[in-house]
Each structure stands twice: as structure tokens, then as C-alpha cells.
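okay, predicted coordinates and the sequence, questions at the end:
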Amino acid sequence: MTLCTVVKTIKISARNQIAGIVKAIKKGPVSTEVEITIAGDNELVSSITTTSAENLNLKEGSKVFPIVKASEVMMGID
């Protein structure tokens, strides 16, 4: 999953662009987990590098746009 803080008028191949709000950030030395609230109080969790999280200046309450390519999604059943 890719995170953007603004959506510009560029065309990208990923069709799944979702608006959300950062709920929580769990920063680690190498990677950071970003919990995002999306429509209907659903949540996504994105794992990005800590450097990327710092470059995006992410904070709780920040508006973000997770971008998900279909090939990045795994499905499982119980």
C-alpha cells in the first residue's frame, strides 16, 4: 500500500484510491504502522518505512489517501 497526503491530478494505474484519516501511528526504528480510518468506520493498516512516515509528516488526524494495487492484496479463508 502506498500513502499520499495529497491527491494531484496525475494518472496512476492503481484504481483503489481511498480517502482516510490517520487514527494511530506506531513508529519503529525501521518501519512504521499507520492505522487509518476510512468510510463507515472501517480501518486499514499500512506499514511504511519510518523515513517515509517522517517525510510525509504524518500525525494523528492527518488526511491521507491509501493507494492499493489489486496485485498487492492477499485473500484468505478460515
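Perfect, thanks for sending it.

state the number of residues packed around the closest residue to Thr2 other than its chain neighbours.
Take Thr2 and drop its neighbours on the chain: the residue closest to it by C-beta to C-beta, 6 or more residues apart in numbering is Ile67, 4.4 Å away. C-beta coordinates here come from the backbone N, C-alpha and C atoms, glycine included. Neighbours of Ile67 under the rule other C-beta atoms under 10 Å: 19.

I'd like the average pLDDT over whichever helix or strand Ile67 is part of.
Ile67 belongs to strand 63-68 when assigned by DSSP states H and E. For strand 63-68, the mean pLDDT works out to 87.

pull out the buried residues from that strand.
Using 16 or more other C-beta atoms under 10 Å as the test for burial, strand 63-68 gives 64, 66-68.

just checking: what are the partner strands of it?
strand 2-4 (antiparallel), strand 16-17 (antiparallel), strand 20-27 (antiparallel) (DSSP bridges).

what does the longest one contact?
Read that as strand 20-27. For strand 20-27, contacts defined as C-beta atoms under 8 Å, 6 or more residues apart in numbering pick out 32-38, 43-44, 50, 53, 58-66.

following that strand, which helix or strand comes up?
Where DSSP H and E defines the elements, the next helix or strand beyond strand 20-27 is strand 31-38.

helices or strands next to that following strand in the packing?
If you count contacts as 3 or more C-beta pairs under 8 Å, 6 or more residues apart in numbering; DSSP states H and E, strand 31-38 packs onto strand 20-27, strand 42-49, helix 50-55, strand 63-68.

out of the ones you listed, nearest to Ser13?
Nearest to Ser13, of all the helices and strands packed on strand 31-38, is strand 63-68, at 9.8 Å by C-beta to C-beta.

so how far is Ile48 from Asn55?
10 Å (C-beta to C-beta, to the nearest Å).

quick check: closest non-adjacent residue to Ile38.
Nearest non-adjacent residue to Ile38 (C-beta to C-beta, 6+ apart): Gly20, at 4.3 Å.
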